[in-house]
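Asker: could you work out the structure for the sequence below:
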Amino acid sequence: QVQLVESGGGLVQAGGSLRLSCRFSGLSFSLYDMGWFRQAPGKERVFVAAIRWTGGGPYYTDSVKGRFAISRDNAKNTVYLQMESLKPEDTAVYYCAGVPNGSSWPPQWYEYWGQGTQVTVSS
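Answerer: All right, here's what the predicted structure looks like:
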């Protein structure tokens, strides 16, 4: 059974940085494509970033390009989201998700989801 647990969220001032982590429990993390999503209050959950099982092909939504960086450490079964130059509009619950690697990129759906971690950016 795969479990995903996010950590690293918190309260930060605009312009600050945070690094989110997502620990994957289960078999074969290294064969999973991983993604980060976020859900702001009163809004739908939206895609933020994704990374291939190989560590390649990082893909970002336009609003975070140049500010966020997704990475993974397969030895630690962990995927990260480094967030820089944070803005109040980045405030959301951030979720990581995983899916066994496939031919489509970025993935169109994810099989496993974490419970989320709150990120709040004050102005």
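Asker: give me every residue that touches residue 29.
Answerer: For residue 29, the contacting residues are 74, 77, 98, by Cβ atoms under 8 Å, 6 or more residues apart in numbering. C-beta coordinates here come from the backbone N, C-alpha and C atoms, glycine included.
Asker: need those in TSV with neighbour count and pLDDT, can you?
Answerer: Shown next, in TSV, are the contacts of residue 29 (neighbours: other Cβ atoms under 10 Å; pLDDT from 0 to 100):
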residue	neighbour count	pLDDT
74	16	94
77	18	96
98	24	96
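Asker: wait, residue 34 sits on residue 73?
Answerer: No - shown here, residue 34 and residue 73 do not form a contact pair, counting by Cβ atoms under 8 Å, at 11.2 Å.
Asker: identify the contacts common to the two.
Answerer: residue 79.
Asker: looking at those two, which is more packed in?
Answerer: residue 34 (29 against 12; other Cβ atoms under 10 Å).
Asker: for the more buried one, which non-adjacent residue is closest in space?
Answerer: With Cβ to Cβ, 6 or more residues apart in numbering as the criterion, residue 34 has its nearest non-adjacent residue at 4.4 Å, and that residue is residue 79.
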